[in-house]
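Q: Mind looking at a prediction? Sequence and model below.
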Amino acid sequence: MTTTELISSKLRNQRISTISSKLTGEYTVVTDLVSYSQPDQVFPIHPEQQFFLDELIKEKITNARVLEIGLGSGVLSIGALKGGAIHVTALEINPRAKNYAGFNILANGLEGKIEIRDGNVNDLWKPVRGDRFDYIISNPPFEPTPQGMTHYLHSAAGIWGLDFVEGMFKELDNHLTAAGYAQIVTFAPGNAQEPFMLANMAQKYLKGETEIKVNPISIKFAYFVDRYVENGQATREQVEEMKKLAQENDVSHLYLCVLHYNSQGKRSLAMTEMTLAYESWLNPL
């Protein structure tokens, strides 16, 4: 068996996905299969990554020094480099993800252009404290998660799915250069009209110009959390408590959003519904 045949045989238990955008062109990454159910799963490619790549800003990413918070398979860092960035520093807590990302970086010919650093669960900015970047990117953990439930490292993010995002917002301005830019793709809870929780959080912490682009297809919060009972990850009691809190806080829907942040702009917030719909965004591409 040749080396190529050996590698191909080993990858039968992995998911091989090709993704593309107008700016990045087409490229391939390896992730775990959807059926791999351990907490250290390396997240398969979903519409959220496509949404993110379609939203990369050419003028901002060209020649940028980038920070990615939550590297995962490396799909976004690779996309940033293919879109024109010159270097990426990437943070990750999951050893399995680091292995996959390293493979994907080599397979795409980008060795030497992405530095992987250990993430910090208790202080996500600690590995880069004192550093500033031209473009900060993230596809963070963002799934609303019952208290006490064991969940994927790439997904668990508190009752509203915003714990990780809030941690980023708190120090985002401290880690951007004078003309720095940030782009985050996330779930965002809200009412039937808009993802108001993400908007409120941005207004609370961000000092510059913020735009939230919203996928026009939303889902019911109750439907999403009921899935935890159906797949045996949480008890009915845990989920009913989440639904009760959602009702008390006027949360009925979840939205898929890309947040753009220009630190140099005047403090403002705009929310735009996309004309392009990213469908079936709970399922892998």
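A: Sure thing, it's come through. Residues are numbered from 1 along each chain as shown.

Q: Break down the stretch 101-250 of the chain into its helices, ranges please.
A: Ranges of helices in the stretch 101-250 of the chain, per DSSP state H, counting those that start in this stretch, are 163-171, 196-205, 221-230, 236-248.

Q: any chance of the ones you listed in CSV, plus distance to residue 62, mean pLDDT and mean neighbour count?
A: The way it works is simple: take the backbone N, C-alpha and C, and place the C-beta from them, glycine included. What follows is the helices of the stretch 101-250 of the chain, written out as CSV (distance: least, Cβ to Cβ, whole Å; pLDDT from 0 to 100; neighbours: other Cβ atoms under 10 Å):
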stretch, distance to residue 62, mean pLDDT, mean neighbour count
helix 163-171, 23, 97, 19
helix 196-205, 25, 98, 18
helix 221-230, 37, 94, 17
helix 236-248, 41, 95, 15
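
Q: Present these as JSON lines; the columns should include distance to residue 262.
A: Listed next are the helices of the stretch 101-250 of the chain as JSON lines, based on distance: least, Cβ to Cβ, whole Å:
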{"stretch": "helix 163-171", "distance to residue 262": "14"}
{"stretch": "helix 196-205", "distance to residue 262": "12"}
{"stretch": "helix 221-230", "distance to residue 262": "30"}
{"stretch": "helix 236-248", "distance to residue 262": "32"}
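
Q: Can you show me the strands along the stretch 101-250 of the chain?
A: Using DSSP state E, counting those that start in this stretch, the strands assigned to the stretch 101-250 of the chain run over residues 114-118, 133-138, 176-190, 209-214, 219-220.

Q: And the contacts of the second one?
A: Spelled out, it's strand 133-138. 52, 60-61, 63-70, 76-77, 80, 85, 89, 168, 172, 175-177, 179-185 (Cβ atoms under 8 Å, 6 or more residues apart in numbering).

Q: Spatially nearest residue to the most centrally placed residue in the chain, not counting backbone neighbours?
A: The centroid of the chain falls nearest to residue 139 when counting by Cα atoms, centre = their mean (1.0 Å). With Cβ to Cβ, 6 or more residues apart in numbering as the criterion, residue 139 has its nearest non-adjacent residue at 5.0 Å, and that residue is residue 185.

Q: Need the pLDDT of that neighbour.
A: In this prediction, residue 185 carries a pLDDT score of 98.

Q: which residues does it contact?
A: 48, 49, 51, 52, 55, 138, 139, 256, 257, 258, 259.

Q: Let's verify the nearest residue to the fifth one once chain neighbours are set aside: helix, strand, or coil?
A: Leaving aside its sequence neighbours, residue 55 sits nearest to residue 258 (Cβ to Cβ, 6+ apart; 4.7 Å). Following DSSP: H, G, I helix; E, B strand; the rest coil, the label given to residue 258 is strand.

Q: give me the beta-bridge partners of residue 258?
A: residue 185, residue 213 (DSSP bridges).

Q: how near is it to residue 71?
A: From residue 258 across to residue 71, the span is 18 Å (Cβ to Cβ, to the nearest Å).

Q: between those two, who's got more neighbours?
A: Shown here are residue 258 and residue 71; by other Cβ atoms under 10 Å, residue 71 has more neighbours (31 against 24).

Q: now that one, what's its secondary structure?
A: Going by three-state DSSP: residue 71 is coil.

Q: mind checking the backbone torsions on it?
A: Dihedral pair for residue 71: phi -70, psi -40, per degrees, to the nearest 10.

Q: I'd assumed residue 92 was in contact with it.
A: Yes - here residue 71 lies in contact with residue 92, judged by Cβ atoms under 8 Å, at a distance of 4.0 Å.

Q: Quick check: neighbours shared by these two?
A: Joint contacts of residue 71 and residue 92 (Cβ under 8 Å, 6+ apart) are 98, 101, 116.

Q: Could you pull up the contacting residues of the residue nearest to the last one when sequence neighbours are not counted?
A: The shortest distance from residue 116 to any non-neighbouring residue, by Cβ to Cβ, 6+ apart, is to residue 90 (5.2 Å). If you count contacts by Cβ under 8 Å, 6+ apart, residue 90 has them with 67, 68, 71, 74, 77, 101, 114, 115, 116, 117.

Q: now, among those, which is nearest to residue 152?
A: residue 71 (14.8 Å; Cβ to Cβ).

Q: any idea how far residue 204 is from residue 76?
A: Distance from residue 76 to residue 204, counting by Cβ to Cβ: 25 Å.
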